[in-house]
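K.L.:
attaching a predicted model along with its sequence, questions to come.
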Amino acid sequence: MKQRLITGIIAGIVFLGFCFLGGLPYHILVLAMALIGYYEFVRMTQVPSFGGIAMLGYLGILMFMFPWSLLDIPFPLQWEHAIWLLLFLFMLVTVLTKNRVGIQQAAMLFLGVLYVGMGFSYLADSRSTSDGHGLFWTFLLLASIWSSDAGAYFVGKWIGSHKLWPAISPNKTIEGALGGVVIAMLTSCVFSFLSSGVLPLGRALLIGLACAVAGQLGDLIQSAYKRVYGIKDSGTLLPGHGGILDRCDSWIIVFPFVHIAMLLPY
(Lines give C-alpha, C1' and ligand atoms only; values in the text may rest on other atoms or scores of the structure.)
Protein backbone atom coordinates (compact mmCIF):
# COMPACT_ATOMS: atom_id res chain seq x y z
CA MET A 1 0.00 0.00 0.00
CA LYS A 2 2.85 2.40 0.84
CA GLN A 3 4.53 1.76 -2.51
CA ARG A 4 1.21 2.21 -4.31
CA LEU A 5 0.60 5.52 -2.53
CA ILE A 6 4.10 6.88 -3.25
CA THR A 7 3.91 5.87 -6.91
CA GLY A 8 0.46 7.41 -7.26
CA ILE A 9 1.54 10.71 -5.73
CA ILE A 10 4.69 11.01 -7.87
CA ALA A 11 2.92 9.99 -11.09
CA GLY A 12 0.04 12.34 -10.33
CA ILE A 13 2.33 15.30 -9.69
CA VAL A 14 4.27 14.68 -12.90
CA PHE A 15 1.14 14.26 -15.04
CA LEU A 16 -0.72 17.23 -13.57
CA GLY A 17 2.42 19.37 -13.87
CA PHE A 18 2.63 18.65 -17.60
CA CYS A 19 -1.11 19.22 -17.85
CA PHE A 20 -0.65 22.72 -16.38
CA LEU A 21 2.09 23.37 -18.94
CA GLY A 22 -0.11 22.23 -21.80
CA GLY A 23 1.00 22.68 -25.38
CA LEU A 24 3.71 20.52 -26.90
CA PRO A 25 5.24 19.23 -23.60
CA TYR A 26 1.87 17.83 -22.49
CA HIS A 27 1.16 16.37 -25.91
CA ILE A 28 4.56 14.64 -26.02
CA LEU A 29 3.95 13.15 -22.57
CA VAL A 30 0.58 11.75 -23.67
CA LEU A 31 2.19 10.48 -26.89
CA ALA A 32 4.77 8.60 -24.79
CA MET A 33 1.98 7.18 -22.62
CA ALA A 34 0.15 6.00 -25.74
CA LEU A 35 3.23 4.25 -27.14
CA ILE A 36 3.87 2.52 -23.81
CA GLY A 37 0.19 1.60 -23.59
CA TYR A 38 0.28 0.04 -27.05
CA TYR A 39 3.47 -1.83 -26.12
CA GLU A 40 1.58 -3.27 -23.13
CA PHE A 41 -1.34 -4.17 -25.37
CA VAL A 42 0.96 -6.00 -27.80
CA ARG A 43 2.61 -7.93 -24.96
CA MET A 44 -0.76 -8.92 -23.54
CA THR A 45 -1.80 -10.15 -26.97
CA GLN A 46 1.28 -12.39 -26.91
CA VAL A 47 2.74 -11.02 -30.13
CA PRO A 48 6.47 -10.12 -30.42
CA SER A 49 6.64 -6.59 -29.04
CA PHE A 50 8.78 -5.23 -31.86
CA GLY A 51 7.91 -7.59 -34.70
CA GLY A 52 6.87 -6.29 -38.09
CA ILE A 53 3.14 -6.18 -37.46
CA ALA A 54 3.65 -4.59 -34.03
CA MET A 55 5.78 -1.87 -35.63
CA LEU A 56 2.89 -1.14 -37.98
CA GLY A 57 0.76 -0.62 -34.87
CA TYR A 58 3.27 1.81 -33.36
CA LEU A 59 3.14 3.79 -36.61
CA GLY A 60 -0.64 3.84 -36.30
CA ILE A 61 -0.32 5.25 -32.76
CA LEU A 62 2.02 7.95 -34.07
CA MET A 63 -0.51 8.78 -36.78
CA PHE A 64 -3.20 9.39 -34.17
CA MET A 65 -0.94 11.07 -31.64
CA PHE A 66 1.26 13.30 -33.78
CA PRO A 67 0.63 16.95 -32.74
CA TRP A 68 -0.69 17.97 -36.14
CA SER A 69 -2.65 21.03 -35.00
CA LEU A 70 -0.05 22.22 -32.47
CA LEU A 71 2.59 22.26 -35.21
CA ASP A 72 0.08 23.73 -37.69
CA ILE A 73 0.55 20.78 -40.03
CA PRO A 74 -2.59 19.63 -41.88
CA PHE A 75 -3.29 15.92 -41.68
CA PRO A 76 -2.64 14.63 -45.21
CA LEU A 77 -5.76 12.42 -45.45
CA GLN A 78 -9.33 12.31 -44.28
CA TRP A 79 -9.35 10.37 -41.03
CA GLU A 80 -11.71 7.65 -42.25
CA HIS A 81 -9.40 7.11 -45.24
CA ALA A 82 -6.36 6.84 -42.97
CA ILE A 83 -8.11 4.31 -40.73
CA TRP A 84 -9.11 2.21 -43.75
CA LEU A 85 -5.56 2.25 -45.12
CA LEU A 86 -4.25 1.14 -41.75
CA LEU A 87 -6.79 -1.69 -41.71
CA PHE A 88 -5.72 -2.66 -45.24
CA LEU A 89 -2.05 -2.79 -44.22
CA PHE A 90 -2.78 -4.98 -41.20
CA MET A 91 -4.74 -7.41 -43.37
CA LEU A 92 -2.05 -7.31 -46.05
CA VAL A 93 0.51 -8.51 -43.51
CA THR A 94 -1.40 -11.79 -43.20
CA VAL A 95 -1.03 -12.30 -46.96
CA LEU A 96 2.62 -11.28 -47.18
CA THR A 97 3.57 -13.60 -44.31
CA LYS A 98 1.47 -16.45 -45.77
CA ASN A 99 -0.60 -16.55 -42.59
CA ARG A 100 2.38 -16.85 -40.25
CA VAL A 101 0.74 -13.73 -38.83
CA GLY A 102 -2.87 -14.83 -38.54
CA ILE A 103 -5.94 -12.70 -39.11
CA GLN A 104 -6.74 -12.93 -35.37
CA GLN A 105 -3.42 -11.30 -34.48
CA ALA A 106 -3.83 -8.65 -37.14
CA ALA A 107 -7.37 -7.89 -35.98
CA MET A 108 -6.34 -7.60 -32.32
CA LEU A 109 -3.42 -5.28 -33.05
CA PHE A 110 -5.58 -3.10 -35.29
CA LEU A 111 -8.17 -2.97 -32.52
CA GLY A 112 -5.39 -1.95 -30.13
CA VAL A 113 -4.38 0.97 -32.35
CA LEU A 114 -7.93 2.32 -32.30
CA TYR A 115 -8.43 1.62 -28.60
CA VAL A 116 -5.15 3.13 -27.42
CA GLY A 117 -4.46 5.65 -30.18
CA MET A 118 -7.88 7.28 -30.30
CA GLY A 119 -8.27 7.20 -26.54
CA PHE A 120 -5.02 9.00 -25.82
CA SER A 121 -5.48 11.40 -28.75
CA TYR A 122 -8.72 12.65 -27.18
CA LEU A 123 -6.91 12.96 -23.85
CA ALA A 124 -4.29 15.16 -25.54
CA ASP A 125 -6.76 17.21 -27.57
CA SER A 126 -9.01 17.95 -24.59
CA ARG A 127 -6.23 20.12 -23.14
CA SER A 128 -6.48 22.52 -26.10
CA THR A 129 -10.21 22.89 -26.75
CA SER A 130 -11.43 25.68 -29.00
CA ASP A 131 -13.03 27.65 -26.14
CA GLY A 132 -9.70 28.16 -24.36
CA HIS A 133 -10.75 26.25 -21.23
CA GLY A 134 -8.93 23.03 -22.01
CA LEU A 135 -7.26 22.81 -18.60
CA PHE A 136 -10.63 23.14 -16.87
CA TRP A 137 -12.25 20.44 -19.01
CA THR A 138 -9.32 18.07 -18.58
CA PHE A 139 -9.31 18.46 -14.81
CA LEU A 140 -13.10 18.08 -14.72
CA LEU A 141 -12.98 14.74 -16.52
CA LEU A 142 -10.04 13.43 -14.51
CA ALA A 143 -11.61 14.49 -11.21
CA SER A 144 -14.92 12.88 -12.17
CA ILE A 145 -13.18 9.63 -13.14
CA TRP A 146 -11.07 9.54 -9.98
CA SER A 147 -13.99 10.38 -7.72
CA SER A 148 -16.07 7.68 -9.39
CA ASP A 149 -13.29 5.14 -8.75
CA ALA A 150 -12.97 6.23 -5.12
CA GLY A 151 -16.73 6.31 -4.60
CA ALA A 152 -17.17 2.85 -6.09
CA TYR A 153 -14.40 1.44 -3.91
CA PHE A 154 -15.48 2.92 -0.58
CA VAL A 155 -19.24 2.51 -1.07
CA GLY A 156 -18.64 -1.05 -2.24
CA LYS A 157 -16.57 -1.78 0.87
CA TRP A 158 -19.21 -0.16 3.07
CA ILE A 159 -22.50 -1.57 1.82
CA GLY A 160 -21.67 -3.61 -1.27
CA SER A 161 -23.36 -7.01 -1.28
CA HIS A 162 -24.55 -7.61 -4.85
CA LYS A 163 -21.82 -8.50 -7.33
CA LEU A 164 -21.73 -6.35 -10.46
CA TRP A 165 -19.99 -8.75 -12.85
CA PRO A 166 -18.22 -11.50 -10.90
CA ALA A 167 -17.00 -13.39 -13.98
CA ILE A 168 -14.91 -10.37 -15.00
CA SER A 169 -14.24 -8.38 -11.84
CA PRO A 170 -15.26 -10.30 -8.71
CA ASN A 171 -14.70 -7.42 -6.26
CA LYS A 172 -17.00 -4.88 -7.92
CA THR A 173 -20.54 -4.48 -6.59
CA ILE A 174 -23.72 -2.87 -7.89
CA GLU A 175 -23.87 -0.66 -4.78
CA GLY A 176 -20.29 0.47 -5.38
CA ALA A 177 -20.99 1.25 -9.03
CA LEU A 178 -24.01 3.36 -8.10
CA GLY A 179 -22.00 5.09 -5.38
CA GLY A 180 -19.35 5.93 -7.97
CA VAL A 181 -21.99 7.49 -10.21
CA VAL A 182 -23.33 9.66 -7.40
CA ILE A 183 -19.89 10.83 -6.26
CA ALA A 184 -18.82 11.64 -9.82
CA MET A 185 -21.96 13.71 -10.41
CA LEU A 186 -21.40 15.58 -7.14
CA THR A 187 -17.81 16.27 -8.16
CA SER A 188 -18.86 17.67 -11.53
CA CYS A 189 -21.42 19.87 -9.73
CA VAL A 190 -18.59 21.35 -7.64
CA PHE A 191 -16.77 22.20 -10.88
CA SER A 192 -19.96 23.83 -12.17
CA PHE A 193 -20.27 26.06 -9.09
CA LEU A 194 -16.62 27.10 -9.42
CA SER A 195 -16.69 27.64 -13.19
CA SER A 196 -18.13 31.17 -13.32
CA GLY A 197 -20.70 30.11 -15.89
CA VAL A 198 -18.41 28.01 -18.10
CA LEU A 199 -20.17 24.78 -17.06
CA PRO A 200 -23.97 24.87 -16.59
CA LEU A 201 -25.30 22.60 -13.86
CA GLY A 202 -27.31 20.40 -16.24
CA ARG A 203 -24.29 19.69 -18.41
CA ALA A 204 -22.19 19.08 -15.30
CA LEU A 205 -24.59 16.36 -14.17
CA LEU A 206 -24.49 14.73 -17.60
CA ILE A 207 -20.69 14.85 -17.68
CA GLY A 208 -20.44 13.32 -14.20
CA LEU A 209 -22.85 10.57 -15.21
CA ALA A 210 -20.96 9.91 -18.46
CA CYS A 211 -17.59 9.81 -16.71
CA ALA A 212 -18.81 7.36 -14.08
CA VAL A 213 -20.64 4.99 -16.42
CA ALA A 214 -18.13 5.06 -19.30
CA GLY A 215 -15.21 4.96 -16.88
CA GLN A 216 -16.49 1.89 -15.06
CA LEU A 217 -17.19 0.20 -18.39
CA GLY A 218 -13.65 1.05 -19.50
CA ASP A 219 -12.31 -0.62 -16.38
CA LEU A 220 -14.44 -3.71 -17.04
CA ILE A 221 -13.26 -3.86 -20.65
CA GLN A 222 -9.64 -3.93 -19.55
CA SER A 223 -10.40 -6.48 -16.82
CA ALA A 224 -12.15 -8.75 -19.33
CA TYR A 225 -9.24 -8.50 -21.74
CA LYS A 226 -6.66 -9.32 -19.06
CA ARG A 227 -8.76 -12.24 -17.84
CA VAL A 228 -8.79 -13.76 -21.35
CA TYR A 229 -4.98 -13.78 -21.34
CA GLY A 230 -4.67 -14.81 -17.70
CA ILE A 231 -2.71 -11.79 -16.45
CA LYS A 232 -3.20 -9.48 -13.48
CA ASP A 233 -1.62 -6.26 -14.78
CA SER A 234 -0.92 -4.90 -18.24
CA GLY A 235 2.62 -3.88 -17.24
CA THR A 236 5.01 -3.03 -14.42
CA LEU A 237 5.90 0.59 -15.18
CA LEU A 238 4.08 1.95 -12.10
CA PRO A 239 4.98 -0.09 -8.99
CA GLY A 240 1.87 -0.97 -7.04
CA HIS A 241 -0.38 0.15 -9.91
CA GLY A 242 0.65 -2.00 -12.88
CA GLY A 243 1.05 -0.48 -16.31
CA ILE A 244 -0.18 2.54 -18.22
CA LEU A 245 -3.30 0.72 -19.41
CA ASP A 246 -4.11 -0.37 -15.87
CA ARG A 247 -4.15 3.27 -14.75
CA CYS A 248 -5.67 4.82 -17.87
CA ASP A 249 -8.27 2.23 -18.90
CA SER A 250 -11.08 4.55 -17.81
CA TRP A 251 -9.48 7.65 -19.34
CA ILE A 252 -9.19 6.26 -22.85
CA ILE A 253 -12.89 5.39 -22.88
CA VAL A 254 -14.23 8.49 -21.10
CA PHE A 255 -12.39 11.18 -23.07
CA PRO A 256 -13.57 10.00 -26.52
CA PHE A 257 -17.07 9.28 -25.20
CA VAL A 258 -17.77 12.74 -23.79
CA HIS A 259 -16.60 14.33 -27.05
CA ILE A 260 -18.70 11.99 -29.18
CA ALA A 261 -21.67 12.74 -26.91
CA MET A 262 -20.96 16.45 -27.58
CA LEU A 263 -20.69 17.25 -23.88
CA LEU A 264 -17.42 19.17 -24.36
CA PRO A 265 -16.26 21.72 -26.92
CA TYR A 266 -13.70 20.43 -29.37
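P.N.:
Yep, that arrived.
K.L.:
which of the residues in whatever helix or strand residue 107 lives in are classified as buried?
P.N.:
Residue 107 is located in helix 103-112, with elements delineated by DSSP states H and E. Within helix 103-112, the residues that count as buried by 16 or more other CB atoms under 10 Å are 105-106, 108-110, 112. Backbone N, C-alpha and C define where each C-beta goes, glycine included.
K.L.:
give me the contacts around that helix.
P.N.:
By CB atoms under 8 Å, 6 or more residues apart in numbering, the surrounding residues in contact with helix 103-112 are 38, 41-42, 45, 47, 53-54, 56-57, 60, 86-87, 90-91, 93-94.
K.L.:
for stretch 131-138, same thing?
P.N.:
By CB under 8 Å, 6+ apart, stretch 131-138 touches 19-20, 22, 123, 126-129, 191, 195, 198-199, 264-265.
K.L.:
how about those residues in CSV, adding secondary structure?
P.N.:
Below are those laid out as CSV (DSSP: H, G, I helix; E, B strand; the rest coil):
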residue, secondary structure
19, helix
20, helix
22, coil
123, helix
126, helix
127, helix
128, helix
129, coil
191, helix
195, coil
198, coil
199, coil
264, coil
265, coil
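K.L.:
which among those residues gets closest to residue 141?
P.N.:
residue 126 (6.8 Å; CB to CB).
K.L.:
mind listing what the closest one touches?
P.N.:
Contact partners of residue 126, counting by CB under 8 Å, 6+ apart, are 134, 137-138, 141, 255, 259, 264.
K.L.:
could you do residue 81 as well?
P.N.:
So residue 81 contacts nothing (CB under 8 Å, 6+ apart).
K.L.:
looking at the contacts of residue 126, which are in helices?
P.N.:
Judged by DSSP state H, the contacts of residue 126 include 134, 137-138, 141, 255, 259 as members of helices.
K.L.:
residues in contact with residue 15?
P.N.:
Neighbouring residues of residue 15 by CB under 8 Å, 6+ apart: residue 29.
K.L.:
try 6 Å
P.N.:
Listed by CB atoms under 6 Å, 6 or more residues apart in numbering, residue 15 has no contact partners.
K.L.:
that older thread, can you go through the contacts of stretch 131-138 and name the buried ones?
P.N.:
Buried positions within the contacts of stretch 131-138, assessed by neighbour count (16+ other CB under 10 Å), are 19, 123, 126-129, 191, 198-199, 264.
K.L.:
could you single out the nearest of the residues you listed to residue 75?
P.N.:
Nearest member of those to residue 75, counting by CB to CB, is residue 128, at 15.5 Å.
K.L.:
please name the nearest non-neighbouring residue to the closest one.
P.N.:
Spatial nearest neighbour of residue 128, excluding adjacent residues (CB to CB, 6 or more residues apart in numbering): residue 134 at 4.8 Å.
K.L.:
returning to what we had before: farthest pair within the buried ones among the contacts of stretch 131-138?
P.N.:
The widest separation within the buried ones among the contacts of stretch 131-138 (CB to CB) is 19.9 Å, between 123 and 198.
K.L.:
residue 187 and residue 241, how far apart?
P.N.:
Residue 187 sits 21 Å away from residue 241 when distances are taken as CB to CB, to the nearest Å.
K.L.:
looking at these two, which is more packed in?
P.N.:
residue 187 (24 against 17; other CB atoms under 10 Å).
K.L.:
show me how the record splits this structure into domains.
P.N.:
Domain segmentation of the chain under automatic domain parsing yields 1-128, 132-266.
K.L.:
quick one: average pLDDT of the first one?
P.N.:
For domain 1-128, the mean pLDDT works out to 92.
K.L.:
which strands and helices sit next to the top helix by length along the chain?
P.N.:
Taking DSSP H as the criterion, the chain has its longest helix at helix 201-228. Judged by 3 or more CB pairs under 6 Å, 6 or more residues apart in numbering; DSSP states H and E, helix 201-228 is in contact with helix 134-159, helix 174-193, helix 251-260.
K.L.:
so what's the gap between the following helix or strand past that helix and the chain middle?
P.N.:
Next along the chain after helix 201-228, taking DSSP H and E as the criterion, comes helix 244-248. Distance, stretch centre to chain centre, for helix 244-248: 7 Å (CA atoms, centre = their mean, to the nearest Å).
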